[in-house]
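# I'd like to go over a predicted model; first the sequence, then the structure.
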Amino acid sequence: MFDAYSYRRDVKVPIFVDEHPIIVFDGVCVMCSGWIDFVLRFDKSEQIKFIVAQSDLGRAIYRHYQLDDREFPTNILIIDGCAYFKWDGTMRMFALLGWPWKAVTFTNFLPAPWLDRAYDWIAAHRFRWFGKREQCRVPSDEVRARFLG
């Protein structure tokens, strides 16, 4: 985790509305887009917003956190200005969805380095297992307002 709202002080990051939880995700990754479909389906309060990593805003956020802005090695979850990555970010995403999805966070008793290694292993194989789109995901009209940038 980094300092809260540190991206607001970075002149290279465009200003964006950050009053709700935000997931920054790889828009060409089929697995990542599938995850976003899952969140859209089960986020009944429609509180979570999204930024496609390939957008100017998404790339700027990845660069701000010193992450590869071409390969997008992790989804980023931003809550109250704090960024969460890899397994920690994913578990926090599940927690935002409430029950029964919050139950997945039971894995947090395992050491964080193990969980992050598992996350990295899945991320390294995601294109081979799930594929890659030719172009970024385009949100439908029903959910377009939840996508920033």
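Happy to help now that I have it.
# What mean pLDDT does the top helix by length along the chain get?
In the chain, assigned by DSSP state H, the helix with the most residues is helix 112-130. Across helix 112-130, pLDDT averages out at 93.
# which parts of it are buried?
Residues Leu115, Tyr119, Ala123, Arg126 are the ones in helix 112-130 that count as buried (16 or more other C-beta atoms under 10 Å). C-beta here means a position set from N, CA and C on the backbone, and glycine is covered the same way.
# Give me the helices and strands touching that helix, please.
When contacts are defined as 3 or more C-beta pairs under 8 Å, 6 or more residues apart in numbering; DSSP states H and E, helix 112-130 packs onto helix 30-42, helix 86-96.
# Switch the buried residues of helix 112-130 over to TSV; also include distance to Lys44.
Converted to TSV, the buried residues of helix 112-130 look like this (distance: C-beta to C-beta, whole Å):
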residue	distance to Lys44
Leu115	27
Tyr119	26
Ala123	28
Arg126	27
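# Thanks again, I'm all set now.
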